[in-house]
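Chemist: Predicted model and sequence below, questions to follow.
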Amino acid sequence: MGVRAVERARDRLLAADGASAPVAAICEQVVHAFHDVAGFSWCALLTTDPQTLLPSGGIVEGFSPHACAPYWDNELLDADFNKFTDLARSVEQVATLHDAVDGDLDRSPRYRNLYAGIGGGDELRVVFRSGTTALATGAFVRPADQGPFTPGELADVRALVPVATTVLRRALGRLFEAATSQAPVVIVLDASGAVTAITEGGRKVLDDLRTNGIDEPGLPGLVQVAARKARWSRTTTSLTTRVRGQSGRWLRLHVAPIEGEVGAVAVTVEPARPDDLVHILLESYGLTGRETEIALLLCRGLSSKEIAAELIISAHTVRDHVKAIFEKAGVTSRGELVAELLANRVLDGLHHTVAHLS
């Protein structure tokens, strides 16, 4: 759609970033910005927990609430093209279904089972990645009668992705919500995903976890996805991920199987812990796992030599990591890094976490 469309979309995102808009508002502006440069009628833009790649929040446009379960069944279980887990590891962050299947959309189960029935055609997928960290994923689907996404649209999207990633990263790094004294709640689901029991306060938590644009009364999609992942995983019997409510609060969600009931799971939801929020902030900078370890040790006051001894690596390697940490976090010293963490005021106990985590 041209340089002017990209500039308009970029200005939209930078304005939202300059206003320190919350994550939900930034997600809406990213969708609007993509509308500026590409044609589509359905989309799902979801922030992710970088450790699990499961959705932590976001917005959905056009899709029916009934599409949530089959969409994530496809992502978690089916062999298909352009899976987000593959794109998250790929050099290319943008891909279309039309290109992946050489123009034969019927080769894709996702197209046959989800898009064909609603008149959808080509799908554009994006992973918004900061360094090696996947901050969000996006799926944008256009009507079949519009044909595939054009080379010009793809070029414009690729030009916009770095700006969108930056504003998403900054929004995810603004963790101003204070912790609450809310007790954990437990939700029991049977093998079909229906709620069979819920502790006091659980309904309020579920309402907070509904995704704008798709969730109706019932089990929110964020919880459904985590339960499905835990239920069908071949490598683990339980799962812990982090999600963000519409209130802006970060929550820890743990899913574990019910003994003696095949497919039944218990979902425990509690306020995010100090270490969760510190890691969310560090992940928003796109730090690698090793860089996160070193950043926390720096905040404990350890010297490069002491960090090297703790991690059994050379002091030279530590210095290289520290340089990369400072560049990604936009700071120039250990003091600025600590100040950046504390400035977010994520919890009364954050300074305690920074001082003692390793």
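Modeler: All right, it came through fine.

Chemist: can you give me the helices for the stretch 251-358 of the chain?
Modeler: Along the stretch 251-358 of the chain, the stretches classed as helices by DSSP state H, counting those that start in this stretch are 274-284, 289-299, 304-311, 315-329, 334-343, 350-356.

Chemist: and the angle from the first one to helix 334-343?
Modeler: Just to be clear, that refers to helix 274-284. Taking axes from the mean of the first three to the mean of the last three C-alpha atoms, to 10 degrees, one finds helix 274-284 and helix 334-343 inclined to each other by 120 degrees.

Chemist: quick check, distance from helix 274-284 to the centre of its chain.
Modeler: 13 Å (C-alpha atoms, centre = their mean, to the nearest Å).

Chemist: Same check on the second one?
Modeler: Relative to the mean C-alpha coordinate of its chain, helix 289-299 is positioned 21 Å out (C-alpha atoms, centre = their mean).

Chemist: Redo the helices of the stretch 251-358 of the chain as CSV? Include mean neighbour count.
Modeler: Heads up, the C-betas are built off the backbone N, CA and C, glycines and all. What follows is those, written out as CSV (neighbours: other C-beta atoms under 10 Å):
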stretch, mean neighbour count
helix 274-284, 22
helix 289-299, 21
helix 304-311, 16
helix 315-329, 17
helix 334-343, 15
helix 350-356, 16
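
Chemist: okay if I get those as CSV plus mean pLDDT and distance to D11?
Modeler: What follows is these, written out as CSV (pLDDT from 0 to 100; distance: least, C-beta to C-beta, whole Å):
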stretch, mean pLDDT, distance to D11
helix 274-284, 77, 23
helix 289-299, 85, 32
helix 304-311, 89, 42
helix 315-329, 90, 25
helix 334-343, 74, 27
helix 350-356, 44, 34
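
Chemist: Reformat these as a markdown table; add distance to G62.
Modeler: Below are the helices of the stretch 251-358 of the chain laid out as a markdown table (distance: least, C-beta to C-beta, whole Å):
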| stretch | distance to G62 |
| --- | --- |
| helix 274-284 | 28 |
| helix 289-299 | 36 |
| helix 304-311 | 47 |
| helix 315-329 | 35 |
| helix 334-343 | 38 |
| helix 350-356 | 39 |
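
Chemist: mind checking which of those helices is nearest G131?
Modeler: Proximity to G131 (C-beta to C-beta) singles out helix 315-329 among the helices of the stretch 251-358 of the chain, at 6.5 Å.

Chemist: starting at the chain centroid, how far to the closest one?
Modeler: With C-alpha atoms, centre = their mean, you get 25 Å for helix 315-329.

Chemist: Stretch 272-286 now?
Modeler: 13 Å.

Chemist: quick revisit: for the helices of the stretch 251-358 of the chain, which one sits closest to N74?
Modeler: Taking those one by one with C-beta to C-beta, helix 274-284 is closest: 26.1 Å.

Chemist: Output the contacting helices and strands for the closest one.
Modeler: The helices and strands touching helix 274-284, judged by 3 or more C-beta pairs under 8 Å, 6 or more residues apart in numbering; DSSP states H and E, are strand 133-143, helix 151-172, strand 250-257, helix 289-299, helix 350-356.

Chemist: What is the neighbour count of the residue nearest to G221 when sequence neighbours are not counted?
Modeler: Counting by C-beta to C-beta, 6 or more residues apart in numbering, the nearest residue to G221 once its immediate chain neighbours are dropped is C68, at 4.3 Å. Applying other C-beta atoms under 10 Å, we find 24 other residues in the vicinity of C68.

Chemist: phi, psi of C68?
Modeler: phi -60, psi -50 (degrees, to the nearest 10).

Chemist: Please apply the same query to P55.
Modeler: The phi/psi pair for P55 (degrees, to the nearest 10) is phi -70, psi 140.

Chemist: Is it bridged to anything, and to what?
Modeler: T48 (DSSP bridges).

Chemist: Now do the contacts for it.
Modeler: 46-49, 137, 211, 221-222, 225, 243 (C-beta atoms under 8 Å, 6 or more residues apart in numbering).

Chemist: again, 7 Å this time
Modeler: With contacts defined as C-beta atoms under 7 Å, 6 or more residues apart in numbering, P55 is in contact with 46-48, 222, 225.

Chemist: Where neighbours are concerned, which of the residues you listed has the most?
Modeler: L222 (27 neighbours).

Chemist: What helices and strands are in contact with the one helix or strand that residue maps to?
Modeler: Using DSSP states H and E, L222 maps to helix 221-232. Counting by 3 or more C-beta pairs under 7 Å, 6 or more residues apart in numbering; DSSP states H and E, the packing neighbours recorded for helix 221-232 are helix 68-77, strand 239-244, strand 250-257, strand 265-271.

Chemist: Check the offset of that helix from the chain's centre.
Modeler: Centroid separation for helix 221-232 versus its chain: 15 Å, with C-alpha atoms, centre = their mean.

Chemist: All set now, cheers.
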